[in-house]
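Undergrad: when you get a sec, could you give me coordinates for this:
(one chain, ligands or ions: 1)
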Amino acid sequence: MVASDVKPDAQDDKRRVFSGIQPSGIMHVGNYVGAIRNWVNMLDSYECTFCVVDLHAMTVPYKAEEMRRRVFEAFAVNMAAGLDPGRCRLFVQSHVPEVTELCWILMNCSSMGELSRMTQFKEKSEKLGGQVCAGLFTYPVLMAADILLYKASIVPVGDDQTQHLEFAREVARTFNSRFGETFPEPAPLLSKVPRLMGLDGKDKMSKSLDNYISLLDDKELIWDKLRTAATDPARMRRGDPGTPEKCNLYAMHRAFSPQEDVRWAAEGCRTAGIGCIECKRCLAGHMAEELAPVRERYAELSADPENIRRLMAEGARQCSAIARRTMEEVRQKVGLRQL
Ligand code: SF4
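TA: Numbering: from 1, shown residues only. Below is the predicted model:
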């Protein structure tokens with residue numbers, strides 16, 4: 001299944017979707033195009049639950065004060081980008097503590113061998129050198145607990161998360177075969193939207209590489225960043241024709257510009273009918289136009305922190321009801337309750 005196949009008006013069976021949101025502090029246009037915008041399109045067709053994964057964020061070194069701020073910002077910026085708590089469950093992972101109990105139970109259905117093969121663990125632990133904690137190793141078990149606690153049947157994932165989702169499916173199968181049918185095997189919903197590269201045109205867009213456009217950047221800042229962004233290297237001079245498919249800015253056009261301007265950029269690039277600056281100006285205008293309401297909504301939301309805290313509590317209340325039901329069933333099945 002592919003995320004962009006999901007139409008807002010599709011009549012579906014309201015299957016349950018779950019996905020986690022990292023409290024990374026900055027949400028960039030890559031996250032927005034690759035994930036949030038698709039999720040927003042799913043709100044009316046599926047029963048959606050989205051979670052700010054603060055427990056996952058503890059698996060790398062952090063400061064407590066920063067964590068509080070990052071969770072608050074992630075919650076508000078996702079709401080501003082369209083995850084309306086009136087149309088989905090939006091909550092903070094640690095506010096529903098049953099997930100940690102299920103995580104422990106699922107640890108006993110998880111294979112050390114499988115965990116040690118996780119690519120993300122290898123990459124992250126290399127970066128961290130000597131500071132690797134056990135939580136980073138068991139990160140995929142917590143992700144499985146998140147998905148299974150809410151009995152989600154669909155998980156929208158990027159290609160960097162498919163291995164973790166396959167692990168969650170394996171854990172569900174192991175649990176079901178040992179203790180009886182309990183969890184649906186969650187299916188991936190892959191995004192068809194091309195991943196946006198960073199402004200350097202080489203690496204994935206990310207805060208740490210400082211090659212990103214934030215969802216909260218204003219018109220001037222967007223232009224400033226796009227003006228110097230890498231393009232097709234074949235376009236050394238204004239008269240050199242280029243290949244739009246080799247240019248990250250063209251991928252951004254496809255994500256933000258109307259069809260006629262996407263065609264204009266492709267044709268102008270191939271024939272050298274337009275220059276890169278002209279092409280970037282057009283893109284900057286469309287991007288700024290789409291992001292302006294997100295920025296404005298974020299400013300409104302963050303001006304009322306009490307309201308954000310109230311919405312967090314409401315999200316946790318809704319999810320706790322499902323979590324309690326699942327854990328009652330799980331405790332019975334694994335023999336932690338006297339019958
Ligand atoms: S004209 Fe546009 S698509 Fe072509 S290389 Fe320049 S910025 Fe990229």
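Undergrad: strands of the chain, start to end?
TA: Listed in chain order, the strands of the chain (DSSP state E) span 16-21, 47-52, 89-92, 154-157, 187-190.
Undergrad: output those strands as TSV; include the columns distance to Arg37 and mean pLDDT.
TA: Backbone N, C-alpha and C define where each C-beta goes, glycine included. Shown next, in TSV, are the strands of the chain (distance: least, CB to CB, whole Å; pLDDT from 0 to 100):
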stretch	distance to Arg37	mean pLDDT
strand 16-21	13	94
strand 47-52	13	96
strand 89-92	16	98
strand 154-157	11	92
strand 187-190	14	90
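Undergrad: how about those, which one is nearest the ligand?
TA: Distance to the ligand, taken as CB to the nearest ligand atom, is lowest for strand 187-190 among the strands of the chain, at 25.9 Å.
Undergrad: could you dump the closest one to PDB, C-alpha only?
TA: Coordinates of the C-alpha atoms in strand 187-190 are reproduced here as PDB (Å, rounded to 0.1, in the frame of the first residue of the first chain):
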ATOM      1  CA  ALA A 187       1.100  -3.800   7.600                       C
ATOM      2  CA  PRO A 188       3.400  -1.000   6.300                       C
ATOM      3  CA  LEU A 189       2.000   1.900   4.300                       C
ATOM      4  CA  LEU A 190       4.900   3.000   2.200                       C
END
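Undergrad: quick one, grab the pLDDT at Ser208.
TA: Note on Ser208: pLDDT of 80.
Undergrad: which phi and psi does it have?
TA: phi -60, psi -30 (degrees, to the nearest 10).
Undergrad: check the burial of it by counting its neighbours.
TA: Residues lying near Ser208 (other CB atoms under 10 Å) number 10.
Undergrad: ok, it to the ligand distance?
TA: 25 Å (CB to the nearest ligand atom, to the nearest Å).
Undergrad: gap between stretch 129-147 and the chain center?
TA: Relative to the chain's own centre, stretch 129-147 is displaced by 17 Å; criterion: CA atoms, centre = their mean, to the nearest Å.
Undergrad: show me what counts as buried in it.
TA: 132, 136-147 (16 or more other CB atoms under 10 Å).
Undergrad: give me the mean pLDDT for that stretch.
TA: 93.
Undergrad: cool, and stretch 321-336?
TA: Average pLDDT, stretch 321-336: 96.
Undergrad: circling back: need the strands of the chain in TSV (columns: distance to the ligand).
TA: Below are the strands of the chain laid out as TSV (distance: least, CB to the nearest ligand atom, whole Å):
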stretch	distance to the ligand
strand 16-21	31
strand 47-52	33
strand 89-92	36
strand 154-157	28
strand 187-190	26
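Undergrad: now those strands as TSV including mean neighbour count and distance to Cys109?
TA: Compiled in TSV, the strands of the chain are given as follows (neighbours: other CB atoms under 10 Å; distance: least, CB to CB, whole Å):
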stretch	mean neighbour count	distance to Cys109
strand 16-21	22	19
strand 47-52	24	21
strand 89-92	23	25
strand 154-157	23	18
strand 187-190	18	19
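Undergrad: tabulate the ones you listed in CSV, adding columns for distance to Phe256.
TA: Below are those laid out as CSV (distance: least, CB to CB, whole Å):
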stretch, distance to Phe256
strand 16-21, 21
strand 47-52, 23
strand 89-92, 25
strand 154-157, 20
strand 187-190, 21
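Undergrad: for these, which one sits closest to Asp224?
TA: Asp224 lies closest to strand 16-21 among the strands of the chain, at 27.3 Å (CB to CB).
Undergrad: any idea of the angle that closest one forms with strand 47-52?
TA: With axes from the mean of the first three to the mean of the last three CA atoms, to 10 degrees defining the directions, strand 16-21 sits at 20 degrees from strand 47-52.
Undergrad: contact partners of strand 16-21?
TA: The contact list for strand 16-21, computed with CB atoms under 8 Å, 6 or more residues apart in numbering, reads 35, 39, 42, 46-53, 56, 74, 78, 93, 143, 146-147, 150-157, 186, 189.
Undergrad: can you do 7 Å?
TA: 39, 42, 46-53, 56, 74, 78, 143, 146-147, 150-156 (CB atoms under 7 Å, 6 or more residues apart in numbering).
Undergrad: in the stretch 201-339 of the chain, where is pLDDT below threshold?
TA: 339 (pLDDT under 70).
Undergrad: contact residues of it facing the ligand?
TA: Residues of the stretch 201-339 of the chain lying close to the ligand by CB under 6 Å from any ligand atom are 231-232, 235, 242, 244, 247, 249-250, 265, 269, 274, 276, 279-280.
Undergrad: quickly note the distance from the spatially closest residue to Glu290 that is not a sequence neighbour to Tyr298.
TA: Of all residues beyond its chain neighbours, the one nearest Glu290 is Phe256 (5.7 Å), with distances taken as CB to CB, 6 or more residues apart in numbering. Distance of Phe256 to Tyr298, given as CB to CB, to the nearest Å: 18 Å.
Undergrad: look at these two and report which has more neighbours.
TA: Neighbours around Phe256 and Tyr298, counted as other CB under 10 Å, are more numerous at Phe256. The numbers are 23 against 20.
Undergrad: perfect, that will be all.
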